[in-house]
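> Everything below, folded, please.
(2 chains)
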Amino acid sequence: MQDMGEALAVAMTLVLSGDGDLVEIVGLSLRVSLTATVAACAIGLPIGALVATNRFPGRGAVLVVMNALMGLPPVVVGLIVYLHLSRAGPLGFLGLLYTPAAMIIAQTILIAPIVAALSRQVIEDMHAEYADHFRSLCLNTRQTVQALLWDARYALLTVALAGFGRAVAEVGAVMIVGGNIDHMTRVMTTAIALETSKGDLPLALGLGIVLMILALGVNALVHSLRLTAVRQAYA
Amino acid sequence: MKPLHLAALLCAVSLPSAALADDILVQSTTSTANSGLYDHLLPIFAKATGIQVNVVAVGTGQAIRNARNCDGDVLLVHAKPAEEKFVADGFGASRTDLMYNDFVIVGPAADPAAVAGMDDVQPALEKIAAAQALFASRGDDSGTHKKEVSLWGATSVDPANASGDWYRETGSGMGATLNAGIGMGAYVMTDRATWISFKNKQDYKILVEGDADLFNQYGVIPVSAEKCPSVNIEGAQAFADWLLSDDGQAAIADYEVDGQQLFFPNAPD
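Residues are numbered from 1 along each chain as shown, chains lettered A, B, ... in the order given. Here you go, the predicted structure:
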């Protein structure tokens, strides 16, 4: 257990020293996972809202598939994206493999189902409450979806955070499509895996603590934004 | 509309890396990366040529597969038969010996199979098998794994029969296998460079070393531009030429961890 104490010391030193490499790695982690979260929301929220508000044949099967896709293994997503972006693959001409863009694509695929499935549940519950009201206002699907997405925005923020948490914590997909290249595609989780494989467990744990602090920071920021918004709404 | 936004976003994000046309990508074995050799060599090479080298460090088997998909400009691995096949199949322009070190078997201080000090690897493996002492294997088709399998092949033991019993195949990299082996008190075969720079040794020591069969040769191969038109052949050739030059060979010999030289240059004159 002495490793834990050493890891805490390493984490403190890393954060306080403002180590250039660490800043770069943290920056890339945030850039990749936040971009993937935004992209996943752009895809997942409309899908979640449409499935929540519409009745169609086969809807039950769609729900089961959406929920099951939340369990997509990152390594499998990484492999599928690798096979497509590889020079030998159908999208190889784009030259995206081993770039941050490839990592964003993989993480987007990984978390879009989470955003879609969770937002579907949130919006469906809210729709059940408002359905009669909407019908009396003669709103079309587009207006209904827009109204629901806006009214559910705080719950959906938590959905987005769930997606971000999954993205920033995964290592399997970014390792394969990013390649963990120093100063190019190295993020927090692949750096932790690298230090573990070098047997430098205190440094690996220290980086893990920094990653937790990072996640805490993003969540605290979102929480304070939300509080500010709520206060303004009641002011 | 949304997919378009997404595409625009991804393009914007990918631009900075696409702009660096002089970069080359090396598909590499892990030992050269984990031991810090690249951190020592690449700045010297970049200073001499202005070429930025990016490294993807995976097992030799995976590195060769990635290079076969044209996802790299240079292959730097350590499994000569597989490397020669890579060149024979047309994926590599040429293969040249670059440097060597050796494999060792490490184990716990308690040494349950009493192999400490042996310099003959096959009898040592047979003793480990006879004692049914735990042995952690890479099991991942890497250069080290191929070597280990070939060493067992020359003994009277087929460890595959004991897989999951005393023979534990981790299916992961050298460092992960060392961590696992040390965690369970198993013997592990590792390249010396990874071992010397490994930081979680606990009470483990080198127990078997010095057999000519434990020789570990690294080779360098520029990926063929005929098979893979996307490769940066000038950059790849420049990197290979530099590694094999007197300057490159001297830089390899200069690299030390804890006062020990990790790689011994042996490029042909």
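> Count the neighbours of residue A:24 for me.
Applying other CB atoms under 10 Å in any protein chain shown, we find 15 residues neighbouring residue A:24. Bear in mind the C-beta positions are built from the backbone N, C-alpha and C, glycine included.
> and what of residue B:100?
Number of residues near residue B:100 (other CB under 10 Å) recorded here: 15.
> chain center to stretch A:210-225: distance?
Centroid separation for stretch A:210-225 versus its chain: 14 Å, with CA atoms, centre = their mean, to the nearest Å.
> which parts of it are buried?
Buried residues in stretch A:210-225, defined by neighbour count with 16 or more other CB atoms under 10 Å in any protein chain shown: A:210-211, A:214-215, A:218.
> pLDDT averaged over that stretch - what is it?
Averaging pLDDT along stretch A:210-225 gives 92.
> re the thing from before, which members of the buried residues of stretch A:210-225 are the farthest-apart pair?
Farthest pair in the buried residues of stretch A:210-225 (CB to CB) is A:210 and A:218. Separation: 13.0 Å.
> Let me know the secondary structure of the residue most central in space within chain A.
Nearest residue to the geometric centre of chain A (CA atoms, centre = their mean): residue A:164, 2.8 Å. Per DSSP: H, G, I helix; E, B strand; the rest coil, the secondary structure class of residue A:164 is helix.
> Quick one: residues contacting the nearest residue to residue A:187 once chain neighbours are set aside.
Spatially, and ignoring its direct neighbours in sequence, residue A:187 is nearest to residue A:29 (4.3 Å; CB to CB, 6 or more residues apart in numbering or on different chains). Listed by CB atoms under 8 Å, 6 or more residues apart in numbering or on different chains, the contact set of residue A:29 reads A:168, A:187-189, A:211, A:214.
> For residue A:29, report the pLDDT, please.
96.
> quick one: which helix or strand includes it?
Using DSSP states H and E, residue A:29 falls within helix A:20-53.
> chain center to that helix, what's the gap?
With CA atoms, centre = their mean, you get 5 Å for helix A:20-53.
> Cross the contacts of residue A:29 against helices and list the overlap.
Those of the contacts of residue A:29 mapping onto helices are A:168, A:188-189, A:211, A:214, per DSSP state H.
> need those in JSON lines with distance to chain B, can you?
Formatted as JSON lines, the ones in helices among the contacts of residue A:29 follow (distance: CB to the nearest CB, whole Å):
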{"residue": "A:168", "distance to chain B": "16"}
{"residue": "A:188", "distance to chain B": "18"}
{"residue": "A:189", "distance to chain B": "15"}
{"residue": "A:211", "distance to chain B": "19"}
{"residue": "A:214", "distance to chain B": "19"}
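> Show me which pair in these is furthest apart.
Using CB to CB, the ones in helices among the contacts of residue A:29 span at most 11.1 Å, a distance reached by A:189 and A:214.
> Name the residues contacting each of the two.
Common neighbours of residue A:189 and residue A:214 (criterion: CB under 8 Å, 6+ apart): A:29, A:168.
> mind listing what residue A:73 touches?
Contact partners of residue A:73, counting by CB under 8 Å, 6+ apart, are residue A:172.
> same thing with residue A:9?
Counting by CB under 8 Å, 6+ apart, residue A:9 touches A:202, A:206.
> where does chain B have low pLDDT?
Under the criterion pLDDT under 70, the flagged ranges of chain B are B:1-21.
> Could you list the buried residues of the longest helix belonging to chain A?
Counting residues, the longest helix in chain A under DSSP H turns out to be helix A:100-136. Within helix A:100-136, the residues that count as buried by 16+ other CB under 10 Å are A:100-124, A:126-127, A:130, A:134.
> so how far is chain B from residue A:172?
Noted for residue A:172: a distance of 12 Å to chain B, by CB to the nearest CB, to the nearest Å.
> of all the ones in helices among the contacts of residue A:29, which comes closest to residue B:163?
Of those, the one sitting nearest to residue B:163 (CB to CB) turns out to be residue A:189, at 30.0 Å.
> Mind giving me the packing neighbours of the longest helix of chain A?
If contacts are counted by 3 or more CB pairs under 8 Å, 6 or more residues apart in numbering or on different chains; DSSP states H and E, helix A:100-136 sits against helix A:20-53, helix A:59-69, helix A:74-85, helix A:141-151, helix A:153-169, helix A:172-178, helix B:2-18.
> would you list those in a markdown table and tack on distance to residue B:243?
Below are the helices and strands packed on helix A:100-136 laid out as a markdown table (distance: least, CB to CB, whole Å):
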| stretch | distance to residue B:243 |
| --- | --- |
| helix A:20-53 | 25 |
| helix A:59-69 | 46 |
| helix A:74-85 | 27 |
| helix A:141-151 | 57 |
| helix A:153-169 | 37 |
| helix A:172-178 | 25 |
| helix B:2-18 | 24 |
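> If I average pLDDT within each of the ones you listed, which one is lowest?
Ranked by mean pLDDT, the helices and strands packed on helix A:100-136 bottom out at helix B:2-18, which scores a mean of 48.
> what's the spacing between residue B:130 and chain A?
30 Å.
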